[in-house]
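Enquirer: how would this look folded up:
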Amino acid sequence: MSETPGVNLASPAVTPASPQHLEQIAAARKRGKKIKRCASTALFSAWTIAIFGALTLITSIGSFYGMMLGAGMCVLSHYEFRGAKEVRRLDPTAPRRLARNQMIMCVLLLAYSVGSMHAALSGPSEIDQALGSDPQVRQMLGSSISDLEKEGAILLYCLVGVAAIVGCGGTAWYYATRKRYIEAYVRETPAWIVQLEQAGMTVY
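Expert: Residues are numbered from 1 along each chain as shown. Sure thing, here's the model as predicted:
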(Lines give C-alpha, C1' and ligand atoms only; values in the text may rest on other atoms or scores of the structure.)
Protein backbone atom coordinates (compact mmCIF):
# COMPACT_ATOMS: atom_id res chain seq x y z
CA MET A 1 0.00 0.00 0.00
CA SER A 2 1.40 3.39 -0.95
CA GLU A 3 2.26 5.82 1.80
CA THR A 4 -0.18 8.63 2.46
CA PRO A 5 1.21 11.91 1.06
CA GLY A 6 2.57 14.12 3.80
CA VAL A 7 2.02 11.47 6.45
CA ASN A 8 5.11 12.63 8.35
CA LEU A 9 3.96 16.23 8.72
CA ALA A 10 4.03 17.55 12.27
CA SER A 11 0.87 18.66 14.03
CA PRO A 12 -0.40 22.17 13.21
CA ALA A 13 0.11 22.89 16.91
CA VAL A 14 3.85 22.49 16.32
CA THR A 15 4.25 23.85 12.80
CA PRO A 16 2.15 26.39 10.90
CA ALA A 17 -0.99 24.97 9.31
CA SER A 18 -0.56 24.20 5.62
CA PRO A 19 -2.65 22.93 2.69
CA GLN A 20 -1.10 19.50 3.33
CA HIS A 21 -2.64 19.46 6.81
CA LEU A 22 -6.06 20.19 5.34
CA GLU A 23 -5.56 17.43 2.77
CA GLN A 24 -4.70 14.98 5.54
CA ILE A 25 -7.81 15.96 7.52
CA ALA A 26 -10.01 15.55 4.44
CA ALA A 27 -8.50 12.13 3.73
CA ALA A 28 -8.94 11.11 7.38
CA ARG A 29 -12.62 12.08 7.30
CA LYS A 30 -13.19 10.01 4.19
CA ARG A 31 -11.29 7.05 5.64
CA GLY A 32 -13.12 7.23 8.99
CA LYS A 33 -16.71 7.12 7.71
CA LYS A 34 -17.22 3.48 8.68
CA ILE A 35 -15.78 4.13 12.14
CA LYS A 36 -18.07 7.12 12.64
CA ARG A 37 -21.05 5.02 11.57
CA CYS A 38 -20.07 2.30 14.04
CA ALA A 39 -19.84 4.80 16.89
CA SER A 40 -23.22 6.30 15.94
CA THR A 41 -24.77 2.83 15.81
CA ALA A 42 -23.43 2.02 19.27
CA LEU A 43 -24.71 5.32 20.66
CA PHE A 44 -28.18 4.76 19.18
CA SER A 45 -28.18 1.20 20.53
CA ALA A 46 -27.13 2.42 23.97
CA TRP A 47 -29.99 4.93 24.18
CA THR A 48 -32.48 2.37 22.88
CA ILE A 49 -31.41 -0.25 25.42
CA ALA A 50 -31.43 2.31 28.26
CA ILE A 51 -34.92 3.63 27.45
CA PHE A 52 -36.50 0.21 26.99
CA GLY A 53 -34.65 -1.09 30.04
CA ALA A 54 -36.09 1.70 32.20
CA LEU A 55 -39.59 1.19 30.78
CA THR A 56 -39.33 -2.55 31.38
CA LEU A 57 -38.34 -1.98 35.00
CA ILE A 58 -41.24 0.41 35.58
CA THR A 59 -43.87 -1.80 33.96
CA SER A 60 -42.62 -5.13 35.34
CA ILE A 61 -42.79 -4.51 39.07
CA GLY A 62 -43.73 -7.84 40.62
CA SER A 63 -42.54 -9.87 37.64
CA PHE A 64 -39.22 -11.63 38.26
CA TYR A 65 -38.38 -12.15 34.59
CA GLY A 66 -39.40 -8.62 33.64
CA MET A 67 -37.36 -7.05 36.43
CA MET A 68 -34.39 -9.23 35.51
CA LEU A 69 -34.61 -8.10 31.89
CA GLY A 70 -35.02 -4.41 32.75
CA ALA A 71 -32.10 -4.36 35.19
CA GLY A 72 -29.89 -6.27 32.76
CA MET A 73 -30.70 -3.87 29.93
CA CYS A 74 -29.85 -0.85 32.07
CA VAL A 75 -26.46 -2.36 32.93
CA LEU A 76 -25.76 -3.29 29.31
CA SER A 77 -26.65 0.22 28.12
CA HIS A 78 -23.82 1.58 30.28
CA TYR A 79 -21.30 -0.62 28.48
CA GLU A 80 -22.81 0.28 25.11
CA PHE A 81 -22.28 3.98 25.86
CA ARG A 82 -18.71 3.23 26.89
CA GLY A 83 -18.12 1.21 23.72
CA ALA A 84 -19.35 4.06 21.52
CA LYS A 85 -16.89 6.40 23.21
CA GLU A 86 -14.03 3.91 22.83
CA VAL A 87 -14.75 3.47 19.11
CA ARG A 88 -14.55 7.23 18.61
CA ARG A 89 -11.19 7.15 20.35
CA LEU A 90 -9.99 4.46 17.94
CA ASP A 91 -9.65 1.64 20.46
CA PRO A 92 -9.32 -1.51 18.28
CA THR A 93 -10.58 -3.71 21.13
CA ALA A 94 -13.85 -1.77 21.48
CA PRO A 95 -15.74 -3.57 18.65
CA ARG A 96 -15.09 -6.93 20.30
CA ARG A 97 -16.50 -5.68 23.61
CA LEU A 98 -19.52 -4.19 21.87
CA ALA A 99 -20.13 -7.50 20.09
CA ARG A 100 -19.90 -9.35 23.41
CA ASN A 101 -22.37 -6.87 24.91
CA GLN A 102 -24.87 -7.68 22.16
CA MET A 103 -24.44 -11.42 22.68
CA ILE A 104 -25.13 -10.97 26.41
CA MET A 105 -28.22 -8.98 25.45
CA CYS A 106 -29.28 -11.84 23.17
CA VAL A 107 -28.91 -14.39 25.98
CA LEU A 108 -30.81 -12.13 28.37
CA LEU A 109 -33.72 -11.76 25.95
CA LEU A 110 -33.78 -15.50 25.27
CA ALA A 111 -33.82 -16.26 29.00
CA TYR A 112 -36.65 -13.77 29.45
CA SER A 113 -38.61 -15.36 26.58
CA VAL A 114 -38.19 -18.92 27.85
CA GLY A 115 -38.92 -18.02 31.47
CA SER A 116 -41.96 -15.91 30.64
CA MET A 117 -43.35 -18.53 28.27
CA HIS A 118 -42.97 -21.23 30.91
CA ALA A 119 -44.71 -19.05 33.50
CA ALA A 120 -47.56 -18.27 31.09
CA LEU A 121 -48.12 -21.91 30.15
CA SER A 122 -47.70 -23.51 33.56
CA GLY A 123 -49.31 -20.86 35.75
CA PRO A 124 -52.98 -19.94 36.08
CA SER A 125 -54.51 -17.99 33.22
CA GLU A 126 -54.90 -14.29 33.90
CA ILE A 127 -58.26 -14.39 32.17
CA ASP A 128 -59.42 -17.25 34.40
CA GLN A 129 -58.33 -15.28 37.44
CA ALA A 130 -60.23 -12.24 36.20
CA LEU A 131 -63.40 -14.27 35.57
CA GLY A 132 -63.31 -15.82 39.00
CA SER A 133 -65.16 -19.01 39.72
CA ASP A 134 -68.60 -18.14 38.30
CA PRO A 135 -69.68 -21.45 36.68
CA GLN A 136 -72.15 -19.81 34.30
CA VAL A 137 -69.50 -17.50 32.83
CA ARG A 138 -67.05 -20.37 32.47
CA GLN A 139 -69.63 -22.55 30.79
CA MET A 140 -70.54 -19.79 28.37
CA LEU A 141 -66.93 -19.00 27.38
CA GLY A 142 -65.55 -22.51 27.62
CA SER A 143 -61.80 -22.95 27.40
CA SER A 144 -61.32 -21.06 24.13
CA ILE A 145 -60.34 -17.76 25.74
CA SER A 146 -57.65 -19.21 27.98
CA ASP A 147 -56.36 -21.31 25.07
CA LEU A 148 -56.09 -18.20 22.92
CA GLU A 149 -54.24 -16.48 25.75
CA LYS A 150 -51.65 -19.26 25.88
CA GLU A 151 -51.29 -19.34 22.10
CA GLY A 152 -50.76 -15.59 22.13
CA ALA A 153 -48.09 -15.94 24.81
CA ILE A 154 -46.29 -18.58 22.76
CA LEU A 155 -46.36 -16.38 19.67
CA LEU A 156 -45.24 -13.26 21.55
CA TYR A 157 -42.26 -14.84 23.31
CA CYS A 158 -41.20 -16.75 20.20
CA LEU A 159 -41.10 -13.44 18.35
CA VAL A 160 -39.00 -11.93 21.15
CA GLY A 161 -36.59 -14.86 20.87
CA VAL A 162 -36.30 -14.54 17.10
CA ALA A 163 -35.78 -10.77 17.40
CA ALA A 164 -33.02 -11.40 19.95
CA ILE A 165 -31.18 -13.83 17.70
CA VAL A 166 -31.56 -11.82 14.50
CA GLY A 167 -31.25 -8.32 15.95
CA CYS A 168 -28.60 -8.78 18.61
CA GLY A 169 -26.75 -11.43 16.62
CA GLY A 170 -26.65 -9.24 13.52
CA THR A 171 -25.49 -6.21 15.49
CA ALA A 172 -22.80 -8.27 17.20
CA TRP A 173 -21.52 -9.43 13.80
CA TYR A 174 -21.51 -5.84 12.56
CA TYR A 175 -19.47 -4.66 15.54
CA ALA A 176 -17.00 -7.53 15.21
CA THR A 177 -16.26 -6.59 11.60
CA ARG A 178 -15.38 -2.97 12.47
CA LYS A 179 -12.04 -3.79 14.11
CA ARG A 180 -10.16 -3.93 10.82
CA TYR A 181 -11.37 -0.45 9.87
CA ILE A 182 -10.05 1.03 13.09
CA GLU A 183 -6.72 -0.72 12.66
CA ALA A 184 -6.45 0.43 9.04
CA TYR A 185 -7.35 3.97 10.02
CA VAL A 186 -4.69 4.13 12.74
CA ARG A 187 -2.13 2.60 10.38
CA GLU A 188 -2.81 4.87 7.41
CA THR A 189 -3.64 8.17 9.13
CA PRO A 190 -1.00 10.72 10.20
CA ALA A 191 0.01 10.27 13.82
CA TRP A 192 -0.96 13.81 14.82
CA ILE A 193 -4.57 13.21 13.73
CA VAL A 194 -4.75 9.85 15.51
CA GLN A 195 -3.38 11.42 18.70
CA LEU A 196 -6.02 14.16 18.59
CA GLU A 197 -8.82 11.63 18.17
CA GLN A 198 -7.51 9.37 20.92
CA ALA A 199 -7.55 12.42 23.17
CA GLY A 200 -11.24 12.93 22.39
CA MET A 201 -11.08 15.50 19.56
CA THR A 202 -12.96 13.97 16.63
CA VAL A 203 -11.57 14.76 13.17
CA TYR A 204 -13.26 12.14 10.97
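Enquirer: Pull out the buried residues from stretch 72-84.
Expert: G72, M73, C74, L76, S77, Y79, E80, F81, R82, G83, A84 (16 or more other Cβ atoms under 10 Å). For the C-beta atoms, the positions are set from N, CA and C on the backbone; glycine is no exception.
Enquirer: And for stretch 96-107?
Expert: R96, R97, L98, A99, N101, Q102, M103, I104, M105, C106.
Enquirer: can you give me the helices for the protein?
Expert: Along the chain, counting by DSSP state H, helices occupy 19-31, 33-59, 64-88, 94-122, 126-131, 135-141, 144-163, 169-176, 179-188, 191-198.
Enquirer: any chance of the ones you listed in CSV, plus mean pLDDT?
Expert: Shown next, in CSV, are these (pLDDT from 0 to 100):
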stretch, mean pLDDT
helix 19-31, 87
helix 33-59, 96
helix 64-88, 95
helix 94-122, 92
helix 126-131, 55
helix 135-141, 55
helix 144-163, 82
helix 169-176, 97
helix 179-188, 95
helix 191-198, 88
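Enquirer: Find the nearest non-adjacent residue to the spatially most central residue of the chain, please.
Expert: Geometric centre of the chain, nearest residue: S45, 4.0 Å, by Cα atoms, centre = their mean. Excluding the flanking residues, the one nearest S45 by Cβ to Cβ, 6 or more residues apart in numbering is E80, at 5.4 Å.
Enquirer: ok, that neighbour - contacts?
Expert: Going by Cβ atoms under 8 Å, 6 or more residues apart in numbering, E80 touches A42, S45, A46, I49, L98, N101.
Enquirer: and the residues you listed, which two are the farthest apart?
Expert: Taking Cβ to Cβ as the measure, the contacts of E80 span a maximum distance of 11.7 Å, between I49 and L98.
Enquirer: Let me see the contact set for the nearest residue to I154 once chain neighbours are set aside.
Expert: Spatial nearest neighbour of I154, chain neighbours left out: M117 (6.4 Å); criterion: Cβ to Cβ, 6+ apart. For M117, the contact set (Cβ under 8 Å, 6+ apart) comprises A153, I154, Y157, C158.
Enquirer: Repeat that for C38.
Expert: Counted by Cβ under 8 Å, 6+ apart, C38 has contacts V87, P95, Y174, Y175, R178, Y181.
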